[in-house]
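S.K.: Quick one, structure for this:
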Amino acid sequence: MATPSDKTPRALPYMAGWFEPRLLIKLLWRVIVSDVFGQYADRRLVLAALDPVDPKELVRRAQQFMPGNENEEVWAFKPDEEGAVWIDYVADLGDGFDATYAMASLLARETLDFEGKDLPRGQLLVMGGDEVYPHASAEAYRDKLLTPYRWAFPDPHPGLLKGPPVYALPGNHDWYDGLVLFLALFSRREHLHLGGWRTHQRRSYFALQLTPQWWIWGMDSQLDDDMDQPQKDYFVAIAKEMPENSNIILCGPEPGWLYTRVIGNGSLKIMDYLAWIALRHCKGVRIPLVISGDTHHYSRYEGDDGMTQFVTSGGGGAFLHPTHQLAKTVDVYRPADEITWMKSSVKKLTLGSWKTKEGVPQEACYPSRADSMAMLRGNLRFPAYNPGFGLVLGAIYWLLGLLGSFFPWDIWYVAPLVMAGGFYAYTKRTEGSSTKVKLVSIVNGVLHSLATIGLGAVFASLNALVFDPTDWPRLHFLLFAAEMIGLGGVVAAELFGIYLYVSSGYLDLNHNDAFSSMRRDSHRNFIRIRIAEDGLTLYPIGLTKVPDRDAWIKNGGPGPAYVTNPDLQPEPIEPAIVIKVTPPPAPVVTA
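M.R.: Model prediction:
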């Protein structure tokens with residue numbers, strides 16, 4: 001998987017077209033294969049079996065970058081002049097080159113300006129999941145992850161292990177090959193050089209001690225919101241050796257708090273289970289920050305305990321997700337649905353807010369709701385974005401039109417049944433089987449059926465004016481196919497785009513598909529975190545505009561391989577977020 005030195009940005013991939021028929025077929029196959037792997041060949045179990053070390057060794061690895069340990073020549077988390085340690089968090093990165101490389105370039109800079117304050121590069125880089133899109137392959141990892149990150153941070157010590165560590169969590173797209181390539185890259189014993197960063201993890205989950213009282217935990221819930229026994233044993237071993245009153249930054253592969261309304265989704269439940277492990281085995285432990293990617297926007301919710309922050313930051317390079325659908329509050333105390341957080345220490349989340357210098361209140365989400373809704377209108381150009389999918393819909397129109405030419409009365413019930421059934425199967429996949437989904441599917445079925453029957457009648461009538469179909473049956477067949485697949489496909493795709501716009505904007509459905517259809521690469525983001533003994537400070541950094549492909553020019557000097565003129569323009573998403581933790585109680589001194 002060496003980086004191809006002869007490639008240029010022009011030769012690297014653009015963002016995935018999620019509605020391309022070939023990609024849809026590939027993804028369907030990958031999902032089936034990964035589901036089989038997940039059930040019958042869980043590689044987390046295999047990797048744990050190949051790493052039969054005692055709990056003391058697991059703890060030693062988690063503490064290997066603490067000052068004073070034997071690993072200091074490789075790397076150490078050394079506090080700055082104010083006694084703080086810095087780390088970076090990025091997720092959902094390996095899609096189109098331009099956005100991924102732009103974010104990697106910002107992460108690699110020695111400092112970034114944040115409202116007049118220079119923020120140093122993180123001493124640890126955490127990748128929060130989905131390191132490659134749309135599916136795991138050697139080519140995708142090479143062109144969409146290794147190449148942009150190596151170009152952004154040229155290796156200053158190619159022959160040495162010394163360099164800031166990078167730890168990664170797998171997301172669902174990393175699991176689509178059964179986690180084979182993810183483990184080959186991030187869990188290799190010879191340590192991957194990702195530009196100037198170095199891999200050290202041995203499994204698909206990890207724990208690291210950052211300061212005497214601060215730890216970071218990263219979990220792997222596979223594709224089925226599941227924690228395997230070796231992973232449970234791993235975190236139990238870590239928790240038992242953590243000092244009392246420790247603090248944990250908890251990283252998960254999904255923002256479960258955003259998915260509590262999805263029936264059957266267990267992502268928050270499995271994260272709470274990991275938090276329960278910490279609570280049970282480490283006295284006085286606190287989890288002030290829960291962070292995840294998977295949803296490709298930035299949002300921040302505040303717990304009603306006055307401390308805990310739930311942050312979603314999935315802006316490392318994949319297509320943008322909307323924010324207009326975000327709930328202002330989230331109930332995380334629903335025992336009947338098995339939804340709780342840390343023994344009900346937090347019961348309600350509220351979307352964070354802040355004020356501009358002019359005193360105008362803003363919500364803690366990026367893009368803003370207004371920008372999100374404005375971008376949603378791009379679905380009215382769905383046929384231009386997704387011509388291949390339009391042809392597939394046109395082919396369905398054509399087949400139903402042929403049926404209508406032979407059975408002109410039966411088509412009035414066959415077409416609605418076929419169309420409504422298809423839309424129901426499609427929408428149920430992500431939105432469940434609610435009454436709203438059923439009604440929307442029926443409406444879609446009726447509209448597309450009317451379009452099919454109407455177009456079929458119009459094309460048949462126009463063709464009959466030019467020639468007699470009985471004299472030219474083959475010509476009639478081919479011309480009707482071209483009309484229904486071509487022009488009918490445009491009509492069908494436009495109706496589908498209108499459906500995505502209406503359903504996402506006003507019915508709280510299909511948010512993922514409504515934005516994946518447009519492949520927007522704006523509003524990138526990552527989090528720089530300052531860790532001090534009394535708490536955390538989060539610096540959410542955004543990049544609203546990503547340079548076009550032709551804007552990248554070869555850099556003749558030191559630093560990243562390619563730069564832009566004008567330079568990248570990162571900006572604060574919101575003011576720094578300070579999370580204070582109460583200091584541990586002072587020891588009792590007896591006379």
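
S.K.: what about A374, how many residues close to it?
M.R.: For A374, the neighbour count with other Cβ atoms under 10 Å is 12. Where C-beta positions appear, they are placed from N, C-alpha and C, glycine not excepted.

S.K.: can you confirm it is in a helix?
M.R.: Yes: residue state for A374 (DSSP: H, G, I helix; E, B strand; the rest coil) corresponds to a helix.

S.K.: how much space between it and I498?
M.R.: According to Cβ to Cβ, to the nearest Å, A374 stands 16 Å off from I498.

S.K.: ok, now E254?
M.R.: 30 Å.

S.K.: and what of L268?
M.R.: 33 Å.

S.K.: Between these two, which has more neighbouring residues?
M.R.: It is L268, of L268 and I498, that has more neighbours when counted by other Cβ under 10 Å, with 26 against 14.

S.K.: give the contact list for the more buried one.
M.R.: 256-257, 259-260, 332, 339, 341 (Cβ atoms under 8 Å, 6 or more residues apart in numbering).

S.K.: The residue lying closest to it once chain neighbours are set aside and L349, how far apart?
M.R.: Counting by Cβ to Cβ, 6 or more residues apart in numbering, L268 lies nearest to G256, which is 2.8 Å off, once chain neighbours are set aside. Counting by Cβ to Cβ, the gap from G256 to L349 is 11 Å.

S.K.: swap in D220?
M.R.: From D220 to L349 the distance is 24 Å (Cβ to Cβ).

S.K.: With C282 instead?
M.R.: 24 Å.

S.K.: Look at the two and report which has more neighbours.
M.R.: L349 (24 against 20).

S.K.: Name whatever forms a beta bridge with that one.
M.R.: Counting by DSSP bridges, L349 forms beta bridges with G303, V330.

S.K.: So it versus P243, what's the distance?
M.R.: 29 Å.

S.K.: And for P52?
M.R.: Applying Cβ to Cβ to P52 and P243 gives a distance of 27 Å.

S.K.: can you check A152 too?
M.R.: A152 is 37 Å from P243, by Cβ to Cβ.

S.K.: Between these two, which has more neighbouring residues?
M.R.: The neighbour count for A152 versus P243, taken as other Cβ under 10 Å, is higher for A152 (24 against 14).

S.K.: isn't that one right up against Y101?
M.R.: Yes: taking contacts as Cβ atoms under 8 Å, A152 lies within contact range of Y101: 6.1 Å.

S.K.: hang on, isn't R188 packed against T199?
M.R.: Yes: using Cβ under 8 Å, R188 makes contact with T199 at a distance of 6.7 Å.

S.K.: For those two, indicate the residue with more neighbours.
M.R.: Under the neighbour definition other Cβ under 10 Å, R188 and T199 were set side by side, and T199 has more, 19 against 13.

S.K.: Am I right that R300 sits in a strand?
M.R.: Yes: under three-state DSSP, R300 sits within a strand.

S.K.: Which neighbouring residues are in contact with it, exactly?
M.R.: R300 neighbours (Cβ under 8 Å, 6+ apart): 309-312, 351-352, 364-365, 540, 574, 577.

S.K.: Equivalent analysis for D331, please.
M.R.: 260, 339, 347-348.

S.K.: swap in W86?
M.R.: With Cβ under 8 Å, 6+ apart, W86 has these contacts: 80, 119-123, 528-531.

S.K.: could I get the residues you listed as TSV with secondary structure and neighbour count?
M.R.: Output for these, formatted as TSV (DSSP: H, G, I helix; E, B strand; the rest coil; neighbours: other Cβ atoms under 10 Å):
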residue	secondary structure	neighbour count
D80	coil	12
L119	strand	21
P120	strand	14
R121	coil	19
G122	coil	23
Q123	coil	20
R528	strand	23
I529	strand	28
R530	strand	21
I531	strand	24
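
S.K.: From these, pick the one nearest A138.
M.R.: Among these, G122 lies closest to A138 (Cβ to Cβ), at 28.0 Å.

S.K.: so the closest one touches F526, yeah?
M.R.: No: with contacts counted by Cβ under 8 Å, G122 stays clear of F526, the gap being 9.5 Å.

S.K.: list residues touching both of these two?
M.R.: 88, 107.

S.K.: before we move on, the earlier item: select, from the contacts of L268, the two members most distant in space.
M.R.: Farthest apart among the contacts of L268 - using Cβ to Cβ - are Y259 and W341, which lie 13.6 Å from each other.

S.K.: more neighbours, those two?
M.R.: Taking neighbours as other Cβ under 10 Å, Y259 and W341 compare with W341 leading, 26 against 17.

S.K.: show me where pLDDT drops low in the chain?
M.R.: 1-6, 27-41, 43, 46, 49-50, 223-224, 263-264, 583-591 (pLDDT under 70).

S.K.: and it, what are its domains?
M.R.: 9-367+524-580, 379-516 (automatic domain parsing).

S.K.: Report the distance from the last one to the chain centre.
M.R.: Right, the one you point to is domain 379-516. 31 Å (Cα atoms, centre = their mean, to the nearest Å).

S.K.: now do stretch 535-553
M.R.: 16 Å.

S.K.: what does stretch 356-375 give?
M.R.: With Cα atoms, centre = their mean, you get 21 Å for stretch 356-375.

S.K.: Give me the contacts around it.
M.R.: By Cβ under 8 Å, 6+ apart, stretch 356-375 touches 297-301, 315, 320, 322-324, 326, 351-355, 505, 515, 518, 520, 522-523, 525, 540, 542, 573-574.

S.K.: one more time with 6 Å, if that's ok
M.R.: Defining contact as Cβ atoms under 6 Å, 6 or more residues apart in numbering, one finds that stretch 356-375 is touched by 298-300, 322-324, 326, 351-355, 523, 542, 573-574.

S.K.: tell me which element the residue of the chain positioned farthest from its centre is part of?
M.R.: Each residue of the chain has a distance to the centre, and by Cα atoms, centre = their mean the biggest one is for D471: 57.2 Å. If you go by DSSP states H and E, D471 is not part of any helix or strand.

S.K.: Between the two ends of stretch 52-67, how far is it?
M.R.: 26 Å (Cα to Cα, to the nearest Å).

S.K.: about what we covered before: sitting in helices, which of the contacts of L268 do you find?
M.R.: Of the contacts of L268, none are assigned to helices by DSSP state H.
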